[in-house]
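Novice: Sequence and predicted structure are below.
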Amino acid sequence: MTFEPIATERLILRPLEPRDRARLIALANNWKVSKNLSKMPYPYTPAAADWWLGQQEALWAGGTSIALAVTIEDDLIGGIGVGVRDDRADEEWELGYWLGEPYWNRGYATEAATALRDYAFERAGLASIVAGHYADNHASGRILSKLGFRYTCEVARHSLARGADVKCLEMALPRERWLEVTAAAKREDLVA
Ligand SMILES: CC(C)(COP(=O)(O)OP(=O)(O)OC[C@H]1O[C@@H](n2cnc3c(N)ncnc32)[C@H](O)[C@@H]1OP(=O)(O)O)[C@@H](O)C(=O)NCCC(=O)NCCS
């Protein structure tokens, strides 16, 4: 697939490659990561990594998903993606992300998610992006709020790692709100 990597101030978001395998296994095989995601298994085995890496070509070919490695100096530090959710309309894609624990609390997830949010609205022409976080995952709620997402409803969503349905707070960012949020951010940049 041809995809021009997305560069942020400190990160490059690029398609996953077979060379990411070892870091993917090392960073994703962490309960604190997988318990907050709906579809990441725990333990995260080499077979799980091979399955995910093997999905990439088909995912990109389908045209309904952008799945990227979050990298620093070409080393994978996490994953981020936006794509059609099975139970949602085509024009409403879902954003998801995770980072390896050594990279938490440095603003990287906010930086990556802001860049992919803007890419998805600008290039993929989406009407709305949705996202959800488990009720006990306050850091993710903070990130999504900073990106302009607003709470829409509460659902029970299955977590593969927890093996249970977990209270999940769903959020949405319609295109009109994204335009407002990005315009306000530009005004702040001009003042600063
Ligand atoms: C959630 C996750 C992506 C955050 O990554 P990160 O790079 O540390 O996030 P950032 O540093 O960009 O931003 C985190 C924000 O949450 C805040 N935060 C962190 N822990 C918090 C907590 N317990 N309660 C409230 N806010 C919290 C931080 O202060 C920061 O906000 P600020 O910029 O206003 O200070 C990372 O912890 C992770 O990968 N977790 C496991 C997978 C996951 O939860 N994915 C999201 C699924 S919805």
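Specialist: Okay, I see it.

Novice: Now do the helix or strand where I66 lies: which elements does it pack against?
Specialist: I66 belongs to strand 65-72 when assigned by DSSP states H and E. Contacts defined by 3 or more C-beta pairs under 8 Å, 6 or more residues apart in numbering; DSSP states H and E place strand 65-72 against strand 12-14, helix 46-62, strand 75-84, helix 108-123. (Glycine included, C-beta is placed from N, CA and C.)

Novice: at 10 Å instead, please
Specialist: On a contact count with 3 or more C-beta pairs under 10 Å, 6 or more residues apart in numbering; DSSP states H and E, strand 65-72 meets strand 6-7, strand 12-14, helix 21-28, helix 46-62, strand 75-84, strand 92-99, helix 108-123.

Novice: any chance of the ones you listed in a markdown table, with mean pLDDT and distance to the ligand too?
Specialist: Listed next are the helices and strands packed on strand 65-72 as a markdown table, based on pLDDT from 0 to 100; distance: least, C-beta to the nearest ligand atom, whole Å:
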| stretch | mean pLDDT | distance to the ligand |
| --- | --- | --- |
| strand 6-7 | 98 | 16 |
| strand 12-14 | 98 | 14 |
| helix 21-28 | 98 | 9 |
| helix 46-62 | 95 | 15 |
| strand 75-84 | 96 | 6 |
| strand 92-99 | 94 | 4 |
| helix 108-123 | 96 | 3 |
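
Novice: sorry, back to before: okay, the angle between the strand holding I66 and strand 92-99?
Specialist: Strand 65-72 runs at 20 degrees relative to strand 92-99, counting by axes from the mean of the first three to the mean of the last three C-alpha atoms, to 10 degrees.

Novice: ok, back up a step: how about the helices and strands packed on strand 65-72 in JSON lines, adding mean neighbour count?
Specialist: Converted to JSON lines, those look like this (neighbours: other C-beta atoms under 10 Å):
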{"stretch": "strand 6-7", "mean neighbour count": "15"}
{"stretch": "strand 12-14", "mean neighbour count": "20"}
{"stretch": "helix 21-28", "mean neighbour count": "18"}
{"stretch": "helix 46-62", "mean neighbour count": "14"}
{"stretch": "strand 75-84", "mean neighbour count": "21"}
{"stretch": "strand 92-99", "mean neighbour count": "21"}
{"stretch": "helix 108-123", "mean neighbour count": "19"}
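
Novice: Rebuild those as JSON lines, extending it with distance to A164.
Specialist: Listed next are the helices and strands packed on strand 65-72 as JSON lines, based on distance: least, C-beta to C-beta, whole Å:
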{"stretch": "strand 6-7", "distance to A164": "34"}
{"stretch": "strand 12-14", "distance to A164": "31"}
{"stretch": "helix 21-28", "distance to A164": "20"}
{"stretch": "helix 46-62", "distance to A164": "19"}
{"stretch": "strand 75-84", "distance to A164": "23"}
{"stretch": "strand 92-99", "distance to A164": "19"}
{"stretch": "helix 108-123", "distance to A164": "24"}
